[in-house]
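Novice: okay, here's the prediction I keep looking at, along with the sequence it came from:
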Amino acid sequence: MSIILIGQSGTKRKDYFLKAAEELGIEVGFCEIGSYPANVEKDTIVKLDPPQYKDSDISNLNMLVRGYTDYLEDIGANKKLTFLNSPESIMATLDKRKCKEVLIKNGIPVTPLIDEVFPHIDALRRYIRENKTCNLFIKPRYGSGAAGIIAYRYNLRTGAEIVYTSIDKAEGRFVNTKKIRKIDRTETIEDMVNFILSKHCIVEKWIPKPKYNNLCYDIRVVWQFGKIEFMVARCSGFPITNLHLNNNALDINLLNLPQTVICRIEELCKDALACFKGLNCAGIDILLKGRNLEPVIIEMNAQGDLIYRDIYNENRIYKNQLIRMVNYGEFKQGNTDESLRRYY
């Protein structure tokens, strides 16, 4: 039995996974995304990392994701390989619409998906006026890291609009940046929203997030092998909380969440992962809704396991993945714990 990481050189994901392996005395091979491991043994266990795209042009996002999913389909056909997370489960969560539809079908509470296609912003405005739903999130169907996401507000009385986004326009192209901007100029908003609506996208109702010290927050949960491995609150003065956008990571304990809320988060994550065959580890973004702090899922990411607060300290997320992978033989020999399943 051998372990292989398929990832990208020069990334913290690779560096800290291999650092964890070195500290544990576990030998791990490495293969670049797009390549295929050579001379693999039967029952080789593979961890698949996501690509880190250097292209910030949002119009290229679908093409880049399609290239990666084609690769996942190809490598998933190799029956000698066992996967920490199956290529199929990774693809299912990469597709935000498909992921949310699976969760809804299984009765998992999520931020509400608007099941309607908007060809342009005027159709969106008309929906808002007819349904009095003034606050929305518009998201590309594929991608991560807040790429192309727009938080949109419409004033029913005046028709005024405000958006928050990390999108900017440079040399006639819409690009992803690492800075959240507030935009209230109608022409700019129309141009930007029409662009995102012209791509594969989803529209969701904007549910208010709770606040800590006047910052809104949600929670990134890393769930693996049947339990919460790590939680961090993502705090921001804006409605978009992704940590790489200069937002603040907060120790979850500072929120003083009731134990009943923690238990509901655990049940929610457990039920969500059970919806996806071959998914053992995931980053799950949780919104705590209303006065009762009822947890609902914003998004799931089968490769959302990179948490800086962890890798710079215990690095336990990666270490526990490696321990499970190296002990795969115990499961293969008939252990009823199904925390590492064979992907077919």
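Specialist: Arrived safely, thanks for sending.

Novice: mind jotting down where the helices sit in this structure?
Specialist: With helices called from DSSP state H, the chain shows them at 12-24, 61-76, 87-94, 96-105, 121-131, 186-198, 259-273, 308-311, 316-326, 328-332.

Novice: from the ones you listed, which stretch is densest packed?
Specialist: Among the helices of the chain, helix 87-94 has the highest mean neighbour count (mean count of other C-beta atoms under 10 Å), at a mean of 22. From N, CA and C alone the C-beta is placed, and that goes for glycine too.

Novice: mind exporting the C-alpha coordinates of that helix to CSV?
Specialist: Listed next in CSV are the C-alpha coordinates belonging to helix 87-94 (Å, rounded to 0.1, in the frame of the first residue of the first chain):
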residue,chain,number,x,y,z
PRO,A,87,-13.4,12.2,-7.9
GLU,A,88,-17.2,11.8,-8.2
SER,A,89,-17.8,13.4,-4.9
ILE,A,90,-15.4,16.2,-5.6
MET,A,91,-17.2,17.0,-8.8
ALA,A,92,-20.6,16.9,-7.1
THR,A,93,-19.6,19.6,-4.7
LEU,A,94,-17.7,21.7,-7.3
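
Novice: residues in contact with that helix?
Specialist: With contact meaning C-beta atoms under 8 Å, 6 or more residues apart in numbering, helix 87-94 is reached by 48, 65, 68-69, 72-73, 75-76, 98-99, 102, 142, 276-279, 282, 300-303, 343.

Novice: can you check stretch 4-22 too?
Specialist: By C-beta under 8 Å, 6+ apart, the list of residues contacting stretch 4-22 from outside reads 3, 27-33, 35, 37, 40, 44-52, 75, 306, 308, 311, 315, 318-319, 321-322.

Novice: swap in 7 Å and give it another go.
Specialist: For stretch 4-22, contacts defined as C-beta atoms under 7 Å, 6 or more residues apart in numbering pick out 28-33, 37, 44, 46-49, 51-52, 306, 311, 315, 318-319, 322.

Novice: of those, buried ones?
Specialist: Neighbour-count burial (16 or more other C-beta atoms under 10 Å) applied to those gives 28, 30-31, 33, 37, 44, 46-49, 51, 306, 311, 315, 318-319, 322.

Novice: from those, which ones fall inside strands?
Specialist: Per DSSP state E, strands hold the following members of these: 30-31, 44, 46-48.

Novice: let me know the closest of those residues to residue 287.
Specialist: Lowest distance from residue 287 to these (C-beta to C-beta) belongs to residue 48, with 27.4 Å.

Novice: residues contacting the closest one?
Specialist: Residues counted as contacts of residue 48 (C-beta under 7 Å, 6+ apart) are 6, 83, 85, 87, 90.

Novice: change it to 10 Å
Specialist: Listed by C-beta atoms under 10 Å, 6 or more residues apart in numbering, the contact partners of residue 48 are 4-7, 31, 33, 68, 71-72, 75-76, 81, 83-87, 90, 302-303.

Novice: report the beta-bridge partners for the residue nearest the centre of the chain.
Specialist: Most central residue of the chain, judged by C-alpha distance to the mean C-alpha position with C-alpha atoms, centre = their mean, is residue 301 at 3.3 Å. For residue 301, the beta-bridge partners are residue 283 (DSSP bridges).

Novice: let me know whether it touches residue 50 as I believe.
Specialist: Yes. Using C-beta atoms under 10 Å, residue 301 is in contact with residue 50, at 8.4 Å.

Novice: what sits in contact with each of the two?
Specialist: 90, 94, 144-145.

Novice: what residues are up against residue 181?
Specialist: 163-168, 188, 238.
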